[in-house]
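# no sequence for this one, just the structure:
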């Protein structure tokens, strides 16, 4: 997991509009990056909708939200449209950004061990420095947890 005080990784990925971007493209404000396993699955949908529902509070705190998963930009567009998601989703099929964040690795689900996305969240300040991370999250209420943190920071 990326340690507090670290700079945002400068790994190029593709956003949901097929643009190549890095986290540095979003500097100048707080950036919430949440790593999730797969579009349109129960936990990931709950988490995305939680961020959507807290978008006003997050924006009022001067932050933007970026989701990142191995899904394609086309999958992200469908996911955004289906659930009216109002933030950018990043496509990282080779999991380079996910690995740089420390959000890719071994995990256990239902007693089975596999390698994949470790659901986690990172907040970078306007200078691109990591100020807070959550190595494990509860998808249903995570947007509210992030909004509360940002408002109190």
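Cool, the structure landed. In this text, all values refer to a predicted model and were calculated from it rather than measured experimentally. Numbers count the residues shown, from 1 in each chain.
# In stretch 77-91, which residues are buried?
Of all the residues in stretch 77-91, those buried under the rule 16 or more other Cβ atoms under 10 Å are 77, 79, 80, 85, 87, 88, 89, 90, 91. Every C-beta, even on glycine, is put in place using the N, C-alpha and C of the backbone.
# At the geometric centre of the chain, which residue sits there?
Among the residues of the chain, residue 34 comes closest to the average C-alpha position under Cα atoms, centre = their mean, at 1.8 Å.
# what about that residue, helix or strand, and which?
If you go by DSSP states H and E, residue 34 is part of strand 30-35.
# Next step: the buried residues of stretch 77-91 restricted to helices.
77, 79, 80 (DSSP state H).
# What residue, apart from its backbone neighbours, is nearest residue 98 spatially?
residue 104 (4.0 Å; Cβ to Cβ, 6 or more residues apart in numbering).
# Please tell me how far that neighbour sits from residue 75.
For residue 104, the distance to residue 75 (Cβ to Cβ, to the nearest Å) stands at 18 Å.
# Could you check which of these two has the larger neighbour count?
Set side by side, residue 104 and residue 75 show more neighbours around residue 104, with 20 against 17, by other Cβ atoms under 10 Å.
# hey, what's the more buried one bridged with?
residue 117 (DSSP bridges).
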